[in-house]
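> Provide a 3D model corresponding to the input given below.
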Amino acid sequence: MPSETSDVLVVGGGPAGLRAAELISGAGLRTVLADQMRSVGRKFLVAGRGGLNLTHSEPIEDFVGRYGEPTERWQKLLADFSPTDLRAWANDLGIETFIGTSQRVFPVSKQAAPLLRRWIERLREQGVSFRPQHRLTAFRHSNEGDWEIDFETPEGHLFQRARSVILALGGASWPQTGSDGAWIQPVTQAGISITPLAPANCGYEIAWPPEFLAQAEGQPLKNIAVSAGGESISGELLITKYGLEGGSLYQLGRTLRAEARPEIVIDLKPAFSVEQLAAKIRHAKGDQLLLQAVQAWRLSSAAEALLKLRLPFASAISLATLTKAFVLPLIGPRPIAEAISTAGGVAWEGLDENLMLRRCPGIFCAGEMIDWDAPTGGYLLQGCFATGTRAARGALQFLKK
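So this is what the prediction gives:
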């Protein structure tokens with residue numbers, strides 16, 4: 001026997017699932033939200049440790065391009081719930097936001113917990129029933145035409161019955177928050193096509209020599225430009241004992257994943273040309289080249305250590321050329337569990353325009369479990385809110401038929 005029957009069962013308590021439950025319950029339907037953790041919003045809270053970057057304030061025509069092709073899909077999804085809508089939604093919860101110097105949008109408090117707390121209060125007021133420690137194991141159509149969803153719980157095996165289901169099960173990064181990709185098996189068993197999950201917004205490994213790490217580990221490369229596959233990103237990188245981290249690298253993730261032998265090209269002094277740099281050390285020779293360059297070009301200790309990897313230098317021009325285009329082969333990405341987010345998931349081809357699974361009428365998908373990825377900067381959360389909104393509206397439309 002099912003533990004209960006609802007109009008809509010939302011599985012997954014991240015931002016996409018919470019947003020879907022908010023809209024469904026706000027429409028007056030019986031809504032149950034199940035999550036495998038003891039409480040919802042675990043990854044949302046972890047993301048908030050850095051200030052909870054909710055969204056970005058750049059023009060929407062630039063915003064949609066952050067999700068890759070086709071941009072038409074994201075134009076429609078963001079029209080459902082835009083960055084402006086997200087700020088208004090937060091304000092309605094009593095959470096004021098502001099635009100930072102990077103054009104990123106944050107709560108004034110820079111904290112995730114107050115927003116999540118008020119959000120959950122709203123859901124409870126709207127009648128949402130929370131079911132913690134419910135891990136999805138299977139789903140099937142019942143003889144009555146509803147959906148039956150199997151769960152493993154501390155009390156043993158249970159199943160929930162619902163007229164419609166919204167799956168918002170996340171990716172596979174930060175598994176300690178419940179985002180472990182375990183949903184792939186039951187979803188695949190239902191005949192749903194899955195693009196393999198891969199780390200996104202993650203560091204890359206490099207076999208640094210010990211002498212390099214002795215000088216540069218833990219230090220940033222600031223005010224640089226990083227290129228891959230014809231795309232260039234301005235920003236900075238952080239040197240780690242295993243390789244590199246940083247927003248510039250994260251934004252190139254889609255390009256790097258497509259390369260069999262990924263590499264980046266670093267411009268350590270993007271404000272100057274090769275000729276301008278060479279002119280500053282034109283009288284230096286031999287061992288004095290790098291010494292003078294460090295002073296004349298105001299190179300950081302990390303940049304100096306990087307250039308030392310290519311000693312000796314034949315001339316001022318050769319050193320300046322290297323400084324403007326330092327080619328760095330990458331071994332590969334860090335493990336998926338360490339990634340900020342994941343690429344891959346339920347293939348778009350298996351979803352209709354309302355994010356309903358074509359093979360499973362009445363079941364919708366939202367959030368990071370769908371095959372999309374975006375860089376950090378507010379685009380990830382915005383994508384979760386937008387897809388959660390679309391899936392919820394799709395479920396409401398489905399139940400009216």
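> going forward, measure contacts and count neighbours with C-alpha atoms only.
Noted.
> Based on its surroundings, how many neighbours for residue 155?
Neighbours of residue 155 under the rule other CA atoms under 10 Å: 8.
> Could you chop this protein up by domain?
5-199+342-400, 204-333 (automatic domain parsing).
> Same list, those, but as JSON lines with mean pLDDT please.
Formatted as JSON lines, those follow (pLDDT from 0 to 100):
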{"stretch": "domain 5-199+342-400", "mean pLDDT": "96"}
{"stretch": "domain 204-333", "mean pLDDT": "96"}
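> and among these, the most buried is which?
Ranked by mean neighbour count, the domains of the chain are led by domain 5-199+342-400 with a mean of 20 (mean count of other CA atoms under 10 Å).
> Going along the chain, name the helices of the stretch 1-150 of the chain.
15-26, 42-47, 60-63, 71-80, 83-92, 113-125 (DSSP state H, counting those that start in this stretch).
> for the stretch 201-350 of the chain, same thing?
210-216, 247-251, 253-257, 274-280, 288-296, 301-308, 316-324.
> Make a markdown table out of those and add distance to residue 342.
Shown next, in a markdown table, are the helices of the stretch 201-350 of the chain (distance: least, CA to CA, whole Å):
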| stretch | distance to residue 342 |
| --- | --- |
| helix 210-216 | 29 |
| helix 247-251 | 11 |
| helix 253-257 | 10 |
| helix 274-280 | 38 |
| helix 288-296 | 39 |
| helix 301-308 | 29 |
| helix 316-324 | 31 |
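> Relative to residue 62, which of those helices is closest?
helix 247-251 (14.0 Å; CA to CA).
> Grab the CA positions of the closest one and hand them over as CSV.
In CSV, the C-alpha atoms belonging to helix 247-251 read as follows (Å, rounded to 0.1, in the frame of the first residue of the first chain):
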residue,chain,number,x,y,z
GLY,A,247,36.7,31.0,-12.5
SER,A,248,38.6,31.5,-15.7
LEU,A,249,39.2,27.8,-16.0
TYR,A,250,35.6,26.9,-15.0
GLN,A,251,34.2,29.1,-17.8
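> what does it contact?
The contact list for helix 247-251 (CA atoms under 8 Å, 6 or more residues apart in numbering) reads 200-203, 225-226, 233-237, 374-376.
> quick one: which of the residues you listed sit in strands?
Among these, the residues falling in strands (DSSP state E) are 200, 225, 226, 233, 234, 235, 236, 237.
> In those residues, find the pair that's most separated.
The most distant members of the ones in strands among the contacts of helix 247-251, if one measures by CA to CA, are 200 and 225, lying 19.8 Å apart.
> before we move on, the earlier item: quick check: which of the helices of the stretch 201-350 of the chain is nearest to residue 68?
Closest among those, using CA to CA: helix 253-257, at 8.4 Å.
> Who are the packing partners of that closest one?
In terms of contacts (3 or more CA pairs under 8 Å, 6 or more residues apart in numbering; DSSP states H and E), helix 253-257 is packed against no helix or strand at all.
> same thing but at 10 Å, please
Helices and strands touching helix 253-257, by 3 or more CA pairs under 10 Å, 6 or more residues apart in numbering; DSSP states H and E, are strand 194-200, strand 220-228, helix 247-251, strand 332-333, strand 341-346.
> How about residues contacting that helix?
The list of residues contacting helix 253-257 from outside it, by CA atoms under 10 Å, 6 or more residues apart in numbering, reads 67-68, 198-204, 227-231, 247, 249-250, 262-264, 330, 332-333, 343, 373-375.
> What residues are bridge-paired with the residue sitting nearest the centre point of the chain?
Residue closest to the mean C-alpha point of the chain, counted by CA atoms, centre = their mean, is residue 341 at 3.8 Å. Legend: beta-bridge partners of residue 341 under DSSP bridges are residue 200.
> Could you check the pLDDT of it?
Per-residue confidence at residue 341 stands at 95 (pLDDT).
> got the contact list for it?
Residues in contact with residue 341 (CA under 10 Å, 6+ apart) are 170-174, 179, 197-202, 368, 373-376, 380.
> next one: residue 278
Taking CA under 10 Å, 6+ apart, one finds 272, 284, 289, 293, 297, 315, 316, 317, 318, 319, 320, 321 in contact with residue 278.
> Pull the contacting residues for the second one.
For residue 284, the contacting residues are 278, 290, 291, 292, 293, 315, 316, taking CA under 10 Å, 6+ apart as the criterion.
> I'd say the last one and residue 282 touch.
Yes: contact criterion CA atoms under 10 Å: residue 316 and residue 282 qualify, at 6.0 Å.
> list the residues that contact both of those two?
Common neighbours of residue 316 and residue 282 (CA under 10 Å, 6+ apart) are 275, 289, 292, 293.
> residue contacts, the last one?
By CA under 10 Å, 6+ apart, the residues touching residue 293 are 277, 278, 280, 281, 282, 284, 299, 304, 316, 319, 320, 323.
> try 7 Å
Neighbouring residues of residue 293 by CA atoms under 7 Å, 6 or more residues apart in numbering: residue 281.
> Now residue 299: closest residue in space that isn't a chain neighbour?
residue 293 (7.3 Å; CA to CA, 6 or more residues apart in numbering).
> give me every residue that touches residue 322.
So residue 322 contacts nothing (CA under 7 Å, 6+ apart).
> one more time with 10 Å, if that's ok
Residue 322 touches 265, 266, 267, 268, 274, 307, 310, 313, 316, counting by CA under 10 Å, 6+ apart.
> would CSV of those with distance to residue 10 be doable?
Listed next are these as CSV, based on distance: CA to CA, whole Å:
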residue, distance to residue 10
265, 44
266, 45
267, 47
268, 48
274, 57
307, 53
310, 55
313, 61
316, 63
